[in-house]
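Asker: just to be clear, the model below is a prediction. Sequence and coordinates:
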Amino acid sequence: MRIFSSARDPGSIGQAVGPASSVSSPIILGEGSLVVLAVVRLLVGLLWFQQLFWKLPPNFTGLHSYVVKESQYTFLPGYGSFIQHVFLPNFLLLGAFTWTAELLVALTLLFGVFSRFGALLSIVLALQLYVGLAYAPGEWYWTYGMLVLLGIVLAAVPTGRRLGVDQWLEPRLKAAAQTNRLARFLHWFV
Amino acid sequence: MVKTVRQAFLAGILAGFLAALLFLVDYGPGNSLHGVARWLGLDSQGAGKFVGFLLMLILGGVFGILFGVIAGRWRPNLGRWLLIGLVVGAVWWVLVVLLIGTGINHLRLNFGDFLISSVPLLVYGLLLGSIAFQWREQNA
């Protein structure tokens, strides 16, 4: 069994036309590699899932000190002021948004349903953490950098197509994508 | 039918092992497995984690058999098997966590406890359906 991450015809991906061709031969992931990557997806989903429990609704208490820390130590000019004047006065709204987004990342990765969407969302959340916390005291800047890189890997490889709902969704969305724009759009995320 | 049930039993043990990993990797080394042992009132300071891990494998196999009995009635179909797996995961949560854990052993069940027990068991169900289908497809 083989898997291609693109909805395009597999035959059009990097086909070598002869010994002198400068085009690389296609890389096809074997079944074992796909399952290993699916387990990695599960564990990254668990990583995000576990981070929900120290900032539970309705107060999102654990999150507050981190937002304050971000406002003090961000390396992006103006971002600290933005946090202080927009995010902190509306902390409950920010907490609800952050918690819901992280829950969505966890569920999409754990269940392998629109897993590439979850991975893309995790990149956005991790980038925000990197910008805010990477150079805060007691933090190791690679922590958030690695979180971004993990998200990029899971967005690049369709890991939900093994041990996930995407395995069922993908052929259906691919077939519907021929005639339906929404299906074509959704197909990017499986 | 017998073949389907036998495969589902083994798939259940493997899915139980993977779900146990979700309880194993946490802030402490496997502390969440104490919670699994508590569902059946079998927790102890020394052996609680090990009992919890073993329970995930045993119950994984038992609910795998239940999956095999239900799924074996129809021709293999990925969507149906994933759905049956999710339902079996939900049945595990209702029977073991809600009825035995909360109802009989009086464990608390707030929002956080609900999330941390239900999501891994639903993931178990999904893995069970997916693994069982994959094996069936390979042997067909």
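Answerer: Structure's in. What do you need? Computed from a predicted model, the values in this text were never measured in an experiment.
Asker: quick one, what contacts A:D166?
Answerer: For A:D166, the contacting residues are A:G112, A:V113, A:F114, A:S115, A:P158, A:G160, A:V190, by C-beta atoms under 8 Å, 6 or more residues apart in numbering or on different chains. C-beta coordinates here come from the backbone N, C-alpha and C atoms, glycine included.
Asker: from these, which is closest to chain B?
Answerer: For those, the residue nearest chain B by C-beta to the nearest C-beta is A:G112; the value is 7.6 Å.
Asker: how about the closest one, nearest residue that isn't a chain neighbour?
Answerer: Nearest residue to A:G112, sequence neighbours excluded (C-beta to C-beta, 6 or more residues apart in numbering or on different chains): A:G164, at 1.5 Å.
Asker: any idea of the pLDDT on that neighbour?
Answerer: In this model, A:G164 is scored at 97, pLDDT.
Asker: contact residues of chain A facing chain B?
Answerer: Taking C-beta under 8 Å from any C-beta of the partner chain as the measure of proximity, chain A contacts chain B at A:39, A:42-43, A:46, A:49-50, A:52-53, A:56-57, A:106-107, A:110-112, A:162-165, A:167-168.
Asker: if we go to 6 Å?
Answerer: Contacts of chain A with chain B, taken as C-beta under 6 Å from any C-beta of the partner chain, map to A:L46, A:F53, A:L56, A:L110, A:F111, A:L163, A:W168.
Asker: right, and the helix or strand after the helix or strand where B:F23 lies?
Answerer: Secondary structure from DSSP states H and E places B:F23 in helix B:2-24. Heading C-terminal from helix B:2-24, the first helix or strand you meet, by DSSP H and E, is helix B:32-39.
Asker: tell me the centre residue of chain A?
Answerer: In chain A, the centroid-proximal residue (C-alpha atoms, centre = their mean) is A:A119; its distance is 1.5 Å.
Asker: could you measure A:A96 against A:F60, distance?
Answerer: Distance, A:A96 to A:F60, by C-beta to C-beta, to the nearest Å: 7 Å.
Asker: neighbour count for these two, which is higher?
Answerer: Neighbour count, other C-beta atoms under 10 Å in any protein chain shown: between A:A96 and A:F60, A:F60 has more, with 19 against 14.
Asker: dump the residue contacts of that one.
Answerer: A:G95 (C-beta atoms under 6 Å, 6 or more residues apart in numbering or on different chains).
Asker: tilt between the host helix or strand of A:S33 and helix B:32-39?
Answerer: Assigning secondary structure by DSSP H and E places A:S33 in helix A:31-50. Counting by axes from the mean of the first three to the mean of the last three C-alpha atoms, to 10 degrees, helix A:31-50 lies at 80 degrees to helix B:32-39.
Asker: so which bits of helix A:31-50 are buried?
Answerer: Under the neighbour-count criterion of 16 or more other C-beta atoms under 10 Å in any protein chain shown, helix A:31-50 has A:34-35, A:37-42, A:44-50 buried.
Asker: all helices of chain A, in order?
Answerer: Here chain A has its helices, by DSSP state H, at A:31-50, A:61-73, A:79-82, A:91-111, A:115-133, A:141-156, A:166-176, A:181-187.
Asker: is the longest helix along chain B positioned near chain A?
Answerer: In chain B, taking DSSP H as the definition, the longest helix is helix B:111-139. Yes: Helix B:111-139 reaches chain A (C-beta under 6 Å from any C-beta) through B:G112, B:V123, B:L126, B:L127, B:S130.
Asker: ok, the second one touching A:L110?
Answerer: In this case it means B:V123. Yes: here B:V123 reaches A:L110: they are 5.2 Å apart, a contact under C-beta atoms under 6 Å.
Asker: for A:P158, see how far away the nearest residue to A:H187 once chain neighbours are set aside is.
Answerer: Of all residues not flanking A:H187 in the chain, A:L173 sits nearest, at 4.3 Å (C-beta to C-beta, 6+ apart). From A:L173 over to A:P158 the distance is 12 Å, taken as C-beta to C-beta.
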